[in-house]
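1. I'll drop the sequence and a predicted model, then ask my questions.
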Amino acid sequence: MLKLAAPFDAPKAVKDEIRKLQQRREEQERRNQRRLLKKQEWQAEQQREIDTPGSEIVRHSEMIGPAATPNMLASKDSAIGEKIARLEARRAATHAELAALDAELAALAGELAGVKAGPFRAPTEQPCVVATHPETPTPTAVPPNTPRLSRPLHIQGIELWTWQHEALLAWQRRNYKGVVEAVTGAGKTRVGLAAAASCLHQGVPTAVIVPTIDLQHQWVKEIQKHISRARVGRLGDGGSDSLWSCDILVAVAASACNNLRPRGGPALLVADECHRYGCDAWQRVLHPRFSHRIGLTATFERADDGVQQYLAPYFGGKCYSLNYARALNDEVIAHFKIAFIGVSFTPQEQMEYDRCDAVLRRTRKVLTTKLGLKEESFGAFIKQVSKLAKSELPGHMPARQFLKAWTIRRGVLAGAKGKMLRISVLRGAIQAANKSIVFTQTKDAAVSAVAILRKVGVEGAMLHSGLDRRQRAQVLAEFEDGDADILAAPKLLDEGVDVPDADLALIVASSQSRLQMVQRMGRVLRKKPDGRLARIAIFYVKNTSEDPRRGAHESFLDLITPVADSRRDFGPLDAEEAISQYLNDWKPSPSG
């Protein structure tokens with residue numbers, strides 16, 4: 001079992017806190033300097049627009065006469081002036097935070113000077129009730145003053161919430177096997193880190209499996225930060241380490257399928273986003289020689305039968321689950337409110353949607369009644385249709401027609417002009433937010449969203465799979481520094497990318513997958529320093545497969561509606577002021 005914490009030296013703890021605060025202060029200073037440089041760049045841009053031959057203003061003057069130039073210049077001045085004003089506000093907030101950090105540092109320095117020798121006592125925590133599932137034995141509730149992980153495990157600077165400690169104990173009671181399911185934003189990674197640290201303390205090596213390169217880099221960074229003595233290796237993205245050459249190996253699933261082998265004796269497998277490994281191709285990462293196994297996921301489910309066929313037998317099912325109600329009660333995620341924003345198709349879009357819908361109904365009837373395909377779940381049905389479409393068996397033609405119509409219909413929904421128009425009129429809500437994320441289905445939709453918002457003075461950046469790691473890092477840095485008010489992405493932000501904290505999510509492509517919706521919500525559910533609510537706006541086309549009134553998102557709504565601070569539905573005729581006012585009201589409700 002995991003060794004528990006012994007009292008540790010208070011001066012050492014205070015020194016560690018001072019060191020972390022000093023690092024935060026240095027980062028704030030660097031960020032402030034970058035913002036000052038950006039302000040100077042924008043001011044220089046103003047002057048270049050006036051002085052440079054062939055600039056937009058000069059061309060405008062040449063085409064329609066010099067009399068119109070002052071209006072053009074005033075428009076440019078206004079747009080850039082707004083940018084500078086917002087930047088100045090962010091710089092002022094940064095100065096205020098620096099002052100607060102200085103005060104906190106001074107207080108800690110005084111505490112360090114006057115502290116007496118003696119055991120350090122952590123703040124008292126309230127007892128809590130463990131969330132369980134029918135197939136899971138009920139773990140014992142953790143009493144107040146539960147000790148943290150022991151310092152010999154070398155988890156430097158890491159603290160565990162009560163639920164994380166409970167999850168770790170539940171996993172150990174299940175003979176070091178099980179899946180920890182916790183809502184996105186609650187801190188699943190720390191449970192995996194604690195499991196790896198406890199195993200390392202016992203001389204047991206660990207392999208961490210991740211689905212993407214971005215996640216690989218994030219895990220390596222966290223391990224190096226919190227488990228300082230561990231020798232960390234990489235497999236994938238140019239790395240070719242193995243468990244024979246390191247203590248903790250972080251492997252990308254695509255590389256691990258054929259190249260991951262545990263060495264002799266006990267070994268731990270940490271499967272991050274473990275629901276991804278329930279398909280035929282990636283289930284090979286689940287090597288049977290790993291004696292210790294822990295899966296981490298937001299929702300332990302798949303659209304196909306991968307959980308029953310691969311994941312549940314390998315991990316032994318769920319050992320612990322943290323739902324929204326418990327996460328909110330423990331204050332490990334932000335409270336939130338939801339707006340459903342309905343729009344209408346254009347006549348052309350409606351015609352194309354109806355045509356595809358008719359093909360889908362006709363071919364689906366053929367596939368199920370005449371060819372015997374089962375509709376137990378939509379994901380499993382699509383899997384059967386895809387397999388048939390790739391063959392030359394009887395029925396391959398209706399299968400291909402179904403997939404083509406389904407793809408076109410999904411594209412029509414994703415790029416509906418009504419959604420883009422609604423986004424453009426929410427300029428006030430976006431600028432009032434700390435940071436905003438726009439989730440789209442396709443790259444084209446992300447490009448359209450950014451272009452439309454720029455026309456109304458909202459700076460945006462786009463993240464997509466065509467960018468390399470350096471370019472992605474640059475985009476995320478610009479978003480974090482406030483150079484961009486919104487970040488748009490097609491699917492890429494659903495999981496596997498660490499985005500700076502945002503508090504407004506605009507979901508343009510409403511997925512039928514509950515998992516995808518949970519992942520997207522999680523990008524804005526991390527706790528906010530000022531206690532503000534996260535706001536989620538879900539766009540949908542009325543009277544289509546996206547419409548909640550026709551059963552869309554039913555399982556997702558059952559999950560989040562009882563715990564949301566509020567929910568409101570807006571139609572195509574509702575004024576944009578009403579929507580913005582609702583989204584701008586970010587203070588928690590008295591009951592929340």
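-> Nice, thanks for sending it over.

2. I'd assumed D304 was in contact with K383.
-> Yes: using Cβ atoms under 8 Å, K383 makes contact with D304 at a distance of 5.3 Å. Backbone N, C-alpha and C define where each C-beta goes, glycine included.

3. Give the burial count for the closest residue to A502 other than its chain neighbours, as a bare number.
-> Counting by Cβ to Cβ, 6 or more residues apart in numbering, A502 lies nearest to K435, which is 3.8 Å off, once chain neighbours are set aside. Residues lying near K435 (other Cβ atoms under 10 Å) number 19.

4. just the one 10 residues further on next, same as before
-> A count of nearby residues for A445, using other Cβ under 10 Å, gives 23.

5. Report the secondary structure element holding it.
-> Assigned by DSSP states H and E, A445 belongs to helix 443-455.

6. same thing with V208?
-> Secondary structure assignment for V208, by DSSP H and E: strand 206-210.

7. avg pLDDT for that strand?
-> Per-residue pLDDT over strand 206-210 has a mean of 96.

8. Put the alpha carbons of it into PDB.
-> Extracted in PDB, the C-alpha atoms of strand 206-210 (Å, rounded to 0.1, in the frame of the first residue of the first chain):
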ATOM      1  CA  THR A 206       5.800   2.800 -15.200                       C
ATOM      2  CA  ALA A 207       4.700   3.200 -18.800                       C
ATOM      3  CA  VAL A 208       2.400   6.100 -19.600                       C
ATOM      4  CA  ILE A 209       0.400   5.700 -22.800                       C
ATOM      5  CA  VAL A 210      -1.000   8.800 -24.500                       C
END
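
9. same for that strand, what does it pack against?
-> Applying 3 or more Cβ pairs under 8 Å, 6 or more residues apart in numbering; DSSP states H and E, one finds that strand 206-210 contacts helix 188-201, helix 213-226, strand 248-252, helix 253-259, strand 268-272.

10. Turn those into CSV, including mean neighbour count and distance to G482.
-> Below are the helices and strands packed on strand 206-210 laid out as CSV (neighbours: other Cβ atoms under 10 Å; distance: least, Cβ to Cβ, whole Å):
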stretch, mean neighbour count, distance to G482
helix 188-201, 24, 26
helix 213-226, 19, 22
strand 248-252, 26, 31
helix 253-259, 18, 35
strand 268-272, 26, 30
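
11. and of those, who's closest to T442?
-> helix 213-226 (20.1 Å; Cβ to Cβ).

12. just the angle between the closest one and strand 206-210, please?
-> Between the axes of helix 213-226 and strand 206-210, defined by axes from the mean of the first three to the mean of the last three Cα atoms, to 10 degrees, the angle is 140 degrees.

13. where does the stretch 401-550 of the chain dip in pLDDT?
-> For the stretch 401-550 of the chain, the stretches flagged by pLDDT under 70 are 492-500, 510-512.

14. in it, which spans are helices?
-> Secondary structure of the stretch 401-550 of the chain (DSSP state H, counting those that start in this stretch): helices at 417-424, 427-432, 443-455, 469-481, 514-522.

15. Go through the ones you listed and name the closest to I248.
-> helix 469-481 (21.2 Å).

16. How far off centre is the closest one?
-> On the basis of Cα atoms, centre = their mean, to the nearest Å, helix 469-481 sits 16 Å off its chain's mean C-alpha point.

17. got the contact list for the residue nearest to A502?
-> Taking Cβ atoms under 8 Å, 6 or more residues apart in numbering as the criterion, K435 is in contact with 479, 485-487, 500-504.

18. And it, its phi and psi?
-> phi -150, psi 150 (degrees, to the nearest 10).

19. What distance do you get for it to L286?
-> Per Cβ to Cβ, to the nearest Å, K435 is found 37 Å from L286.

20. Same check on L268?
-> 13 Å.

21. can you check A186 too?
-> 24 Å.

22. Check which strands are paired with the strand holding V208 and give the direction for each one.
-> strand 248-252 (parallel), strand 268-272 (parallel) (DSSP bridges).

23. what distance separates that strand from the centre of its chain?
-> With Cα atoms, centre = their mean, you get 20 Å for strand 206-210.

24. Which residues does it contact?
-> Applying Cβ under 8 Å, 6+ apart, the set of residues contacting strand 206-210 is 192, 195-196, 199-200, 216, 219, 223, 243, 247-253, 256, 260, 262, 267-273, 277, 285, 290, 496.

25. next one: stretch 298-308
-> 179, 181-184, 188, 274-275, 278-279, 283, 311, 318, 321, 377-380, 382-383, 513-515, 518-519, 522.

26. Can you pick out the ones from these that are in helices?
-> Among those, the members falling in helices (DSSP state H) are 188, 378-380, 382-383, 514-515, 518-519, 522.

27. re earlier: will you turn the strands paired with strand 206-210 into JSON lines that also has distance to E546 and mean pLDDT?
-> Putting those into JSON lines (distance: least, Cβ to Cβ, whole Å; pLDDT from 0 to 100) gives the following:
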{"stretch": "strand 248-252", "distance to E546": "33", "mean pLDDT": "96"}
{"stretch": "strand 268-272", "distance to E546": "30", "mean pLDDT": "96"}
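
28. Which one of the ones you listed lies nearest to R470?
-> strand 248-252 (17.7 Å).

29. The closest one vs helix 188-201, what angle?
-> Using the same axes, to 10 degrees: strand 248-252 against helix 188-201 is 140 degrees.

30. before we move on, back to that, emit the PyMOL select command for whichever of the contacts of stretch 298-308 are buried.
-> Selecting only the buried entries of the contacts of stretch 298-308 in PyMOL, with 16 or more other Cβ atoms under 10 Å as the criterion:
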select buried, resi 179+181+182+183+184+188+274+275+278+311+318+321+379+380+383+513+514+515+518+519+522
